[in-house]
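> I'd like to go over a predicted model; first the sequence, then the structure.
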Amino acid sequence: MATYVAFLRAINLGAKRKFPKDDIVAATQAAGFEDVATHINTGNVRLSTRMRSRGRIEQALEEAYLADRGFEVPTIVYAGSELREVHAHASAVDHDGRHYVALLRDEPTAEGVKRLREKTQPGERIEVGGRALHLLVSADGVHGTRLTNPLVEKCLGTTSTWRNPTVVAALVEKWC
């Protein structure tokens, strides 16, 4: 069995999108996945499966979560080796400000990255490594940036969810 890390987007935001950790574990196990664990209540899930297709895993999880919650939960799955690469790239970035990581369902195209780079403002930059986009902004964080998740998804044409490098590092150390 292979182990993967699934990232759930847009949960535990507001009163109508609640998905507590214990419920995530139960829904994931009910979908046939094993060795299920979560890390903090922001939708980070370790699971094991005999499935080898990332797309099939994402589809099975999204169907299970929709059935359990009654709302869609976009889910992005990474193999441990992919997540280690994201962490290595994040660790190598030289930047004095804030660093955020957009985990992408699909690898972005050069044209999509170009469109997104055209949207950056002074003091912002993006770096791409595989299926991850690193957003580097000033020390005051994402306040004032136009590089929002909807814009990233529009420019890149793929689903994304954000984590900070500290969470990525913790997941790699804990699960990969």
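Right, received. Where do you want to start?
> mind listing the strands for the chain?
Assigned by DSSP state E, the strands in the chain fall at 2-8, 34-39, 44-49, 75-79, 98-104, 125-129, 132-137, 160-163.
> Relative to residue 133, how far out is the closest residue to residue 96 other than its chain neighbours?
Distances taken as C-beta to C-beta, 6 or more residues apart in numbering place residue 139 nearest to residue 96, at 6.8 Å, with adjacent residues excluded. C-betas here are computed from N, CA, C, even on glycine. The spacing between residue 139 and residue 133, counted by C-beta to C-beta, to the nearest Å, is 20 Å.
> Have a look at the two and say which one is more surrounded.
residue 133 (26 against 9; other C-beta atoms under 10 Å).
> OK, contacts around that one?
Contacts for residue 133 (C-beta atoms under 8 Å, 6 or more residues apart in numbering) come out as 101, 102, 104, 108, 113, 116, 126, 127, 152, 156, 160.
> The second one: how many residues sit nearby?
Right, residue 102. That count, for residue 102 with other C-beta under 10 Å as the rule, works out to 25.
> State the pLDDT value of it.
pLDDT for residue 102: 96.
> Please report how far it lies from residue 171.
The value you get for residue 102 to residue 171, if C-beta to C-beta is used, is 15 Å.
> just checking, residue 35 touches residue 29?
No. Using C-beta atoms under 8 Å, residue 35 makes no contact with residue 29, being 9.5 Å away.
> buried sites along the lengthiest helix in the chain?
Secondary structure of the chain per DSSP state H: the longest helix is helix 54-69. Residues of helix 54-69 classed as buried by neighbour count (16 or more other C-beta atoms under 10 Å): 54, 57, 58, 60, 61, 62, 64, 65, 68, 69.
> do stretch 114-133 as well
Neighbour count says stretch 114-133 has 115-116, 119-120, 124-129, 131-133 buried, by 16+ other C-beta under 10 Å.
> Check the offset of that stretch from the chain's centre.
From the chain centre to the centre of stretch 114-133 is a distance of 16 Å (C-alpha atoms, centre = their mean, to the nearest Å).
> Just the C-alphas of that stretch, formatted as CSV.
Listed next in CSV are the C-alpha coordinates belonging to stretch 114-133 (Å, rounded to 0.1, in the frame of the first residue of the first chain):
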residue,chain,number,x,y,z
LYS,A,114,3.4,33.8,-17.3
ARG,A,115,-0.2,35.1,-16.9
LEU,A,116,0.2,34.9,-13.1
ARG,A,117,3.6,36.6,-13.1
GLU,A,118,2.0,39.5,-15.0
LYS,A,119,-0.3,40.0,-12.0
THR,A,120,2.5,40.4,-9.4
GLN,A,121,3.1,43.8,-7.8
PRO,A,122,6.4,45.3,-6.8
GLY,A,123,7.9,43.3,-3.9
GLU,A,124,6.1,40.1,-4.9
ARG,A,125,7.4,37.1,-6.7
ILE,A,126,6.3,33.6,-7.5
GLU,A,127,8.4,30.5,-8.0
VAL,A,128,7.1,27.2,-9.3
GLY,A,129,8.4,23.7,-8.4
GLY,A,130,6.4,20.8,-9.8
ARG,A,131,2.8,21.1,-8.6
ALA,A,132,3.6,23.8,-6.1
LEU,A,133,3.6,27.5,-6.5
